[in-house]
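Participant: Structure of the sequence below:
(one chain, ligands or ions: 1)
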Amino acid sequence: MIRQQSPNKLRIAVLVSGSGTNLQALLDRAATGKLAAEIVAVVSDRPEAYGLVRAERAGVPTHVVDYKAHLQREIEKPLELKLPVNLAELARRQKILKISDPEKLLQRLAKLVLAEHELIDVLDSYQPDYICLAGFMRLLSPYFLGHYNRGGQWRVVNIHPALLPAFPGAHGYEDTFGYGCKWGGITIHFADEGEDTGPIIAQAVYPIWPDDDQEKIRQRGLSLEYEMYTQCINWLAAGQVELCLTPSRRMGTRITDPDYQKVLTAWVDEVLA
Ligand code: GRF
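Facilitator: Next up, the predicted model:
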C-alpha cells in the first residue's frame, strides 16, 4: 500500500477557469486555519476568470496560461522539434481528444502540449505538493499528468459534480438533474489519463426534491463541494489517503481517518437539514 506524501501543511496550487467559488471556500478556510495547506498559486487558462480576482484579493500569486492563444496559433512542421515530448507516442496513449483525423489530432495535441509546458513551468516554480483542479475546464494530456503522477504518487486532484462513474464530463449537475436522478453526488478524485476516471478519494450525495430546479441542486451540491474539498486536502496533509486496488483491480484509495464515518455522516446530515 502506498501512502500519499504528507508534509503536514501542504503547498497546493489551484487551477480555475471560471467563477472560483470552490477556490474562495479554500481561501477562506486557509485564512481561518481550517485548511492544512497553503495556497501557493492560482493559475487560470482564461484571463477573465473571476477566480483570479478572488486570489488577488487574498494576496495569492496568480498567473494566466492563455490556452486559447496557444490553441489558435499555427505550428510549423515538423511539430516534434518544438515539443518536450514524443508526439506520436502521446497520440497513442491519450484518451481524451476524440479526433479521428491523425494529422489534426497531432496538431491539436502539439498545441495542448505547448500550453501545458507553460503551465508546468509556472506551477513548478512554486514547488506544489498537489495541483488542485477547481473548475478548470481544460483536458489534461498524459504529458501533464505524467509530469506530476510519478513515483507512485498521484498529485493532481479534481472535484467533479456528479457521482462517478455516472455523468463524467463538463455538465455534472445538468446531467444528474436532466436524467431525473433522485440523489445527486459529488466526487473528489485523483486525475488520470481518462475523463474523470482516476482513483476516487471521496464521494457524497445530496437529495433532489420534487420541486427542485437545476439551480437549486447546483447550490446544494456546491455547498457540499466546499466541505468535501477542504476535508480531502486535510486528509492528504495528514497522510490519511492510502492507495489500494479496488475489488475490480482498479486503482482506488482508502481513507484511514478514524473519524471517517463521522465525517460522512455529517455531510449527509448537512444536506438533509
Ligand atoms: C464545480 O461544480 C466543480 O465541481 C466543477 O466545476 C465547478 C466549478 O465551480 N469541476 P466554481 O468555479 O468553483 O464556482
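Participant: So residue 56 sits against residue 62, correct?
Facilitator: Yes: taking C-beta atoms under 8 Å as the definition, residue 56 is a contact partner of residue 62 at 5.8 Å. All C-beta atoms are positioned from the backbone trio N, CA, C, and that covers glycine.
Participant: neighbour count winner among those two?
Facilitator: residue 62 (18 against 12; other C-beta atoms under 10 Å).
Participant: where's that one relative to residue 139, distance?
Facilitator: 22 Å (C-beta to C-beta, to the nearest Å).
Participant: Can you report how many residues lie near the residue nearest to residue 82 when sequence neighbours are not counted?
Facilitator: Nearest residue to residue 82 in three dimensions, chain neighbours excluded: residue 75, at 6.7 Å (C-beta to C-beta, 6 or more residues apart in numbering). Using other C-beta under 10 Å, residue 75 has 15 neighbouring residues.
Participant: can you check residue 225 too?
Facilitator: Close neighbours of residue 225, defined as other C-beta under 10 Å, add up to 22.
Participant: element containing it?
Facilitator: helix 214-237 (DSSP states H and E).
Participant: Residues of the stretch 151-273 of the chain that sit close to the ligand?
Facilitator: By C-beta under 6 Å from any ligand atom, the residues of the stretch 151-273 of the chain that approach the ligand are 159, 160, 161, 225.
Participant: Check whatever residue of the stretch 1-150 of the chain ends up closest to the ligand and give its pLDDT.
Facilitator: Nearest residue of the stretch 1-150 of the chain to the ligand, counting by C-beta to the nearest ligand atom: residue 135, 2.6 Å away. pLDDT for residue 135: 98.
Participant: do residue 32 as well
Facilitator: 97.
Participant: picking up where we left off before, my read: the residue of the stretch 1-150 of the chain closest to the ligand touches residue 14, true?
Facilitator: No: contact between residue 135 and residue 14 fails when scored by C-beta under 8 Å: they sit 9.6 Å apart.
Participant: ok, which stretches of the stretch 151-273 of the chain are helices?
Facilitator: 172-179, 214-237, 260-272 (DSSP state H, counting those that start in this stretch).
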